[in-house]
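A.B. asks: Take a look and give me a structure for this.
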Amino acid sequence: MSALLSRVLTAGLLLAVFVPAAVWAPTWAWGVLMAGVIGMAAFEWARLSHFSLFAARAYAVSLTLAALVLPVLTGAAWPSAQTGLTAFAIVFWIAIAPLWLWRRWAALAAPVRAVTGIVLLLPAWAALMALHVRGPGILLGVMAVVWIADSAAYFVGRRFGRHKLAPTISPGKSWEGVAGALVALMLYGVALNGFAGLPLWPLLPLLAVLLAISVLGDLFESWIKRVSNMKDSGSVLPGHGGVLDRVDALASTLPVAVGMLLWLERHP
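C.D. replies: Have a look, this model is predicted:
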């Protein structure tokens, strides 16, 4: 089976599982499912960070339990906690991650990697919960931003890619792929305008910002894999690598998207 066919079949299977869950599952069931995904990604992050097998498993279980317990512990303050996690993630992706890549930090120390994994994954889980509460249309609409951008960048980059985006970090990514993703998202924005009545301003600029954040998340994981001397975070998803390889752009984009939604809700 070709790599492309494996990639397409795996993506189709994932959509067949997660789209119905997003639409019909109650919030608690969605939270449990997504906590499991975050736990798998946490295990892969720990292995990328060269934790021992026991430590990686303990780290994954701890993050999964933290996700499940946090809403219970915070109770009525859970929405405020979600906002705090969102703000923390936005600061990381807007300020720290670009500096991290620019300075080419390896950050191999286990405590640094452990804290970074929490910042990457726990706010992403909180964002998935916040979006689910707002309805499956909003949840899937935001996630589709990453799916559309990733697919367009992959196929356009394979066909037309000539100019490398960040050759020392991820040689396979190209500026042509990014341009293809931008065009695809602009068309997506026009479709949302036509079918859902969303105004093109500020929708199109916000989609462009989310594209930049999704690329940043992808590049960040690629850099971590490079300094860890690993090609993929795992092998559980044929054609895609590991779970972390599949959710890296979502981990960066979802909290920023929630931050945008919170701002729009308060400034209609």
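
A.B. asks: tell me which helix or strand of this protein sits lowest on mean pLDDT?
C.D. replies: helix 3-24 (a mean of 78; mean pLDDT, DSSP states H and E).

A.B. asks: Which elements pack onto it?
C.D. replies: Here helix 3-24 touches helix 27-48, helix 136-160, going by 3 or more CB pairs under 8 Å, 6 or more residues apart in numbering; DSSP states H and E. All C-beta spots, glycine's among them, are computed from the backbone N, C-alpha and C.

A.B. asks: Please tabulate those in a markdown table, including the columns mean neighbour count, distance to residue 179 and mean pLDDT.
C.D. replies: Output for the helices and strands packed on helix 3-24, formatted as a markdown table (neighbours: other CB atoms under 10 Å; distance: least, CB to CB, whole Å; pLDDT from 0 to 100):
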| stretch | mean neighbour count | distance to residue 179 | mean pLDDT |
| --- | --- | --- | --- |
| helix 27-48 | 21 | 29 | 94 |
| helix 136-160 | 19 | 7 | 93 |
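
A.B. asks: So which of the ones you listed is nearest residue 97?
C.D. replies: helix 27-48 (14.5 Å; CB to CB).

A.B. asks: what's that closest one in contact with?
C.D. replies: Residues from elsewhere that reach helix 27-48 (CB atoms under 8 Å, 6 or more residues apart in numbering): 18, 21-22, 25, 55-57, 59-61, 63-64, 67-68, 71, 113-114, 117, 120-122, 124-125, 128-129, 132-133, 224-225, 228, 230, 233-234, 236, 242-244, 247, 251.

A.B. asks: In strands only, show me these.
C.D. replies: With DSSP state E as the criterion, strands contain none of the contacts of helix 27-48.

A.B. asks: Neighbours of the residue nearest to residue 217 when sequence neighbours are not counted, how many?
C.D. replies: If the residues on either side of it in the chain are set aside, residue 217 comes closest to residue 252, at 2.8 Å by CB to CB, 6 or more residues apart in numbering. Residues lying near residue 252 (other CB atoms under 10 Å) number 31.

A.B. asks: Same check on the one 3 residues further on?
C.D. replies: For residue 255, the count of nearby residues is 31 (other CB under 10 Å).

A.B. asks: One more: residue 75?
C.D. replies: 8.

A.B. asks: Once you drop chain neighbours, what's closest to residue 56?
C.D. replies: With sequence-adjacent residues excluded and distances taken as CB to CB, 6+ apart, residue 56 is closest to residue 46, at 3.6 Å.

A.B. asks: any idea how far residue 95 is from the residue nearest to residue 224 when sequence neighbours are not counted?
C.D. replies: Leaving aside its chain neighbours, residue 224 sits nearest to residue 48 (5.7 Å; criterion: CB to CB, 6+ apart). Going from residue 48 to residue 95 by CB to CB, to the nearest Å gives 23 Å.

A.B. asks: Residue 53 too?
C.D. replies: Residue 53 sits 34 Å away from residue 95, taking CB to CB as the criterion.

A.B. asks: can I get the helices and strands packed on helix 3-24 in TSV with distance to residue 169?
C.D. replies: Formatted as TSV, those follow (distance: least, CB to CB, whole Å):
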stretch	distance to residue 169
helix 27-48	15
helix 136-160	15
